[in-house]
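J.: this one's sequence-less:
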């Protein structure tokens, strides 16, 4: 951030425009307490990422707590929130002070001027013995954080004011001008350079009030105190650090300082104790999952790299980007994990580890450990299908996989084009050639590339959903699904492939597509297909169900109904019922509803009253009408429409 971004301002005791309403200290305090989480989030977003996540958290709280004026002050004539119930002068006043001091905190220190209070480390709040930082979000939040880090402070402030308070550009311009920004128009233009993904700002990735903690190093802090008291002790301390066993200081790379050690922790961090499985173990094992993968890659004997990977896993430093699928714990290993891969992939060194519950990927640039990343994925209970591949890297819109030792052949196919066939992918020591990732594609969904794997048990399809382990694709009735690689299954999936995009970064284990009904369309418009797609997660709950409707003239299936955490369309409760308002080629509107096999009758109530024997219902309707659906199953049970 350049120093000219923020101009000198009057004293903090009078931070607002004199033309606004006068706000009492009590009113400002009430607004600060009521909106404290929003104000801290705003400060966290505006503060420069170079501070590190832990210091940004504490500084954001410190600046927000100091935003209270000492005496009565005039609030700026700017709406508090354009999307809120009305203008709150108290909130506008403290928000302006938060933005101003957060921008000042990003100014570089110079010898020509005394530092401002916001530029100094916060005296309060302080947390001793812990490092605090927000919980990691998903891939989308991580991408937005990276893009925001490239903006200047005023541009981040403009983006945050637009996203958090829904301020119009004119109001954002006024806030920035009041906060001392020399060129608010330039800040707004710079903020326009990244997509307006304002909904992501509500994620835990940017929430300094919902934190996770890591221990600091008490011994190292004591050593620093001794260095400050006696400069000569510094040489002795450095000598002691260099003489430490286990490759010393440097190989820990991006890891945080070590915590108090015990024998179990020592064993978990020792590269020599990593579990390595025989290359032929999977051939005679009673189960085929990640536990029988051999260690592969050209760096499996690089002790320094393996030590860094283990150290960062145990205690990731502030500069490490950490991500985890929902429901996956991110703590260190309980004992020596299993090594699956260590090698050079594209422009990075990558290590893949497995501890029985999780797959963990550590990646660092070829030169140095700056920019290291640590990713976690839950894989407990994985079978042969789910343990077929792991993501090694994503670069330039492509993804590389490490495949299971039992995989004989790999290919790439477009799920949107079932008749196009699969293109062979080269396999080198289990590593695939790069293939286009659908999750990294920009623009509309014109294709959906999946990985096709062939082994002694058959051919299956898996797809990248932005996580370490790809999701396994199947088709057919929920109680008897088949692999999605067959001709009929491919035709079933084709219109609905792009709907997989809504299941990204959700910890999805597998997705099944079931074509449960075909329905004649009124006015001789052919037949429509009803398909239910159900995404199961690794954690067991959080399953997502979509009922989709596809007409002969449509390129894609339309989502007619969706629900989460319901048993519908699954092995426990295979039945499903959904409906849609549809306009025929003659301009007439109809309610179309369909249940699965075994549905005796369907009934509509509410805005549309109709019933029909069997699993299909067609009724005339008016545009915008709403109806409640129910169905009676064979045996007398009843179900309601998916919602």
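T.: Nice, I can see it. Keep in mind that what you see is a predicted model, and the values were worked out from it rather than measured.

J.: now do the buried residues in the longest strand along the chain.
T.: Longest strand in the chain, counting residues (DSSP state E): strand 508-520. Residues of strand 508-520 classed as buried: 508, 509, 510, 511, 512, 513, 514, 515, 516, 517, 519 (neighbour count, 16 or more other CB atoms under 10 Å). Any C-beta I mention is one placed from the backbone N, CA and C, and that applies to glycine too.

J.: farthest-apart pair in these, please.
T.: For the buried residues of strand 508-520, the farthest-apart pair by CB to CB is 509 and 519; their separation is 30.7 Å.

J.: residue 159 contacts residue 151, correct?
T.: Yes. Contact criterion CB atoms under 8 Å: residue 159 and residue 151 qualify, at 7.0 Å.

J.: now do the shared contacts for these two.
T.: 191, 194 (CB atoms under 8 Å, 6 or more residues apart in numbering).

J.: okay, the two: which has more neighbours?
T.: More crowded of residue 159 and residue 151, by other CB atoms under 10 Å: residue 159, with 28 against 20.

J.: ok but the more buried one is inside a helix, no?
T.: Yes. According to DSSP: H, G, I helix; E, B strand; the rest coil, residue 159 belongs to a helix.

J.: which residue packs closest to it, ignoring adjacent ones?
T.: Nearest residue to residue 159, sequence neighbours excluded (CB to CB, 6 or more residues apart in numbering): residue 191, at 4.3 Å.

J.: how about the helices in the protein?
T.: Secondary structure of the chain by DSSP state H: the helices cover 25-34, 36-46, 53-65, 89-105, 139-149, 153-165, 169-178, 184-191, 218-229, 232-242, 263-268, 281-284, 303-314, 487-493.

J.: relative to residue 356, which of those helices is closest?
T.: With CB to CB, the closest approach to residue 356 among these belongs to helix 263-268: 12.8 Å.

J.: quick one: mean pLDDT for that closest one?
T.: The predicted model gives helix 263-268 an average pLDDT of 67.

J.: ok, residue 322 - contacts?
T.: Residues in contact with residue 322, defined by CB under 8 Å, 6+ apart, are 136, 316, 330, 373, 374, 375, 376.

J.: any idea what it is bridged to?
T.: Beta-bridge partners recorded for residue 322 (DSSP bridges): residue 374.

J.: so how far is residue 366 from it?
T.: Distance, residue 322 to residue 366, by CB to CB, to the nearest Å: 21 Å.

J.: what's the answer for residue 33, then?
T.: Note on residue 33: its distance to residue 366, by CB to CB, is 50 Å.

J.: swap in residue 535?
T.: Distance of residue 535 to residue 366, computed by CB to CB: 36 Å.

J.: the more surrounded of these two?
T.: Per other CB under 10 Å, whichever of residue 535 and residue 366 has more neighbours is residue 535, with 23 against 9.

J.: mind checking pLDDT for the more buried one?
T.: At residue 535, the pLDDT value in this model is 95.

J.: what does residue 558 give?
T.: At residue 558, the predicted lDDT confidence score is 89.

J.: next: residue 125.
T.: What the model reports for residue 125 is a pLDDT of 64.

J.: swap in the one 3 residues further on?
T.: With respect to pLDDT, residue 128 scores 61.

J.: with the one 10 residues further on instead?
T.: According to the prediction, residue 138 has pLDDT 66.

J.: now swap in the one 5 residues further on and tell me
T.: The pLDDT attached to residue 143 in the predicted structure is 78.

J.: count the residues that sit near the closest residue in space to residue 550 that isn't next to it in sequence.
T.: Nearest non-adjacent residue to residue 550, counting by CB to CB, 6+ apart: residue 557, 4.1 Å away. Counted by other CB under 10 Å, the residues lying close to residue 557 total 25.

J.: you'd agree residue 557 is up against residue 551?
T.: No. Contact criterion CB under 8 Å: residue 557 and residue 551 do not qualify, at 9.1 Å.

J.: quick one: the nearest residue to residue 25 once chain neighbours are set aside from residue 28, how far?
T.: Nearest non-adjacent residue to residue 25, counting by CB to CB, 6+ apart: residue 69, 6.1 Å away. Separation of residue 69 from residue 28 (CB to CB) stands at 6 Å.

J.: overlap in contacts, these two.
T.: In terms of CB under 8 Å, 6+ apart, residue 69 and residue 28 are both contacted by the residues residue 93.

J.: residue 318: how many residues sit nearby?
T.: When neighbours are counted by other CB under 10 Å, residue 318 registers 15.

J.: excluding its backbone neighbours, what's nearest it?
T.: Nearest non-adjacent residue to residue 318, counting by CB to CB, 6+ apart: residue 52, 4.1 Å away.

J.: give me phi/psi at that neighbour?
T.: Dihedral pair for residue 52: phi 90, psi 150, per degrees, to the nearest 10.

J.: pretty sure it contacts residue 319?
T.: Yes. In this structure, residue 52 is within contact of residue 319 by CB under 8 Å, at 7.1 Å.

J.: how deep is residue 195 tucked in, by neighbour count?
T.: By other CB under 10 Å, the residues close to residue 195 number 10.

J.: likewise residue 583?
T.: For residue 583, the neighbour count with other CB under 10 Å is 13.

J.: bridging residues for it?
T.: Beta bridges link residue 583 to residue 589 when assigned by DSSP bridges.

J.: look up how far residue 422 lies from it.
T.: 38 Å.

J.: what pLDDT is listed against residue 79?
T.: 56.

J.: what does residue 423 give?
T.: In this model, residue 423 is scored at 94, pLDDT.

J.: I'd say it and residue 412 touch.
T.: Yes. The pair formed by residue 423 and residue 412 meets the contact definition of CB under 8 Å, at 4.9 Å.

J.: more neighbours: which of these two?
T.: Remark: of residue 423 and residue 412, residue 412 carries more neighbours, 17 against 13, as counted by other CB under 10 Å.

J.: hang on, isn't that one packed against residue 453?
T.: No. Contact status for residue 412 versus residue 453: not in contact, 10.8 Å apart, counting by CB under 8 Å.

J.: could you list the buried residues of stretch 284-298?
T.: 288, 289, 290, 291, 292, 293, 294, 295, 296, 297.

J.: which one in those residues is the model shakiest on?
T.: residue 288 (90).

J.: name the nearest residue to that residue, ignoring sequence neighbours.
T.: Here the residue nearest residue 288, using CB to CB, 6+ apart, is residue 384, at 4.4 Å.

J.: enumerate every residue touching the one you found.
T.: So, once contact is read as CB under 8 Å, 6+ apart, residue 384 ends up touching 288, 289, 404, 406, 455, 457.

J.: how close does the last one sit to residue 21?
T.: Spelled out, it's residue 457. Distance, residue 457 to residue 21, using CB to CB: 73 Å.
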